[in-house]
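In: predicted model and sequence follow; I will ask about them next.
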Amino acid sequence: MEIIPYDPVYAEGLRPLLEDFERNTAKEKFIEPEVAMALSDLERGVDRALLAVDQAQVIGFLVGHYYRNQADKFRVPRTLEIAMVYVDQHYRKRGIGRKLTSQLIDDVSLREQLKVLKIISCIEDCNKPSIALHKSMGFRSSGSYSDGGRNYLVLRKSL
Ligand SMILES: CC(C)(COP(=O)(O)OP(=O)(O)OC[C@H]1O[C@@H](n2cnc3c(N)ncnc32)[C@H](O)[C@@H]1OP(=O)(O)O)[C@@H](O)C(=O)NCCC(=O)NCCS
C-alpha cells in the first residue's frame, strides 16, 4: 500500500469510495452532484488530495482544501480543512486513515510557502472512529455547530 498525491488515472477507481462517503454524509438525491463536483474539483487541482493505493486499487482517500467558514463565505487565512477522509470498509483499522492524515500534516508542514498554520476537521458528533483518529493525532475540540439536523464537532490542530 502506498500514499500518493491525487492522480486523474485513479478517478474511476475513486468514484465508488466517494459515493459511499457521500451516502453517509449527504441526502440521497445529492450523492451524484456532490461526487461529480468533488471529481471536477480534483481534476482542476482546487483541492489537495491524497490516495491510498494497493495493487493499483484505490482503498482510501483524503481531501483537504482551504477552509471557508460554515456559511462558505469567507476564506479563513492559513487554515486547511480536511473535507473528507475515507478508507474502504474492508481495509479499516489497519492504520491507513492515520497514514493519510499524517501525510497531509507532513506535506503542509514542510511546504512553508503554503503558510498553513492550522488544520481543522468538522466531524459529526456520532462519528466515533473519525473523532478518535483525529484526537490520536493531536487534534483538539475547538467548537461545535448544527447543520441540517446534524451536530458537528470542530477539531483543530496547530502546526
Ligand atoms: C475514520 C476512518 C477514516 C478511519 O480509518 P482507519 O484506516 O480505519 O483508521 P486507522 O486504522 O488509521 O486508525 C487510527 C486511529 O483511529 C481510531 N479508530 C479507527 N477506527 C476506530 C473505531 N472503529 N473505533 C474507535 N476508534 C477508531 C483509533 O484511535 C486508531 O488508532 P489505534 O489503532 O492506535 O487505536 C474510517 O473509519 C472511515 O473511512 N470511516 C468512514 C468515513 C468517515 O466517517 N470519515 C470521516 C468524516 S470526514
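Out: Okay, I see it. Numbers count the residues shown, from 1 in each chain.
In: how about the residues of this structure by the ligand?
Out: Counting by CB under 6 Å from any ligand atom, the chain comes close to the ligand at 21, 84-87, 92-98, 123, 127-130, 132-133, 136. C-beta: built from backbone N, CA, C; applies to glycine.
In: of those, which belong to helices?
Out: Of the positions in the residues of the chain next to the ligand, 21, 96, 97, 98, 128, 129, 130, 132, 133, 136 sit in helices, assigned by DSSP state H.
In: roughly how far apart are the last one and residue 102?
Out: To tie it back to what came earlier, the one meant is residue 136. Distance of residue 136 to residue 102, given as CB to CB, to the nearest Å: 11 Å.
In: repeat for the second one
Out: Distance check for residue 96 against residue 102: by CB to CB, it reads 11 Å.
In: closest point of the chain to the ligand, which residue?
Out: Here the chain gets closest to the ligand at one residue, residue 97, 2.5 Å apart by CB to the nearest ligand atom.
In: residue contacts, that residue?
Out: With contact taken as CB atoms under 8 Å, 6 or more residues apart in numbering, residue 97 is in contact with 60, 85, 87, 129, 130, 133.
In: buried members of those residues into ChimeraX, please.
Out: The ChimeraX selection below is limited to those of those classed as buried (16 or more other CB atoms under 10 Å):
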select :60,85,87,130,133
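In: OK, contacts around the residue positioned nearest the centre of the chain?
Out: Here the mean C-alpha position of the chain is nearest to the C-alpha of residue 84 (CA atoms, centre = their mean), at a distance of 2.4 Å. Each residue near residue 84 by CB under 8 Å, 6+ apart is listed here: 18, 21, 38, 61, 62, 63.
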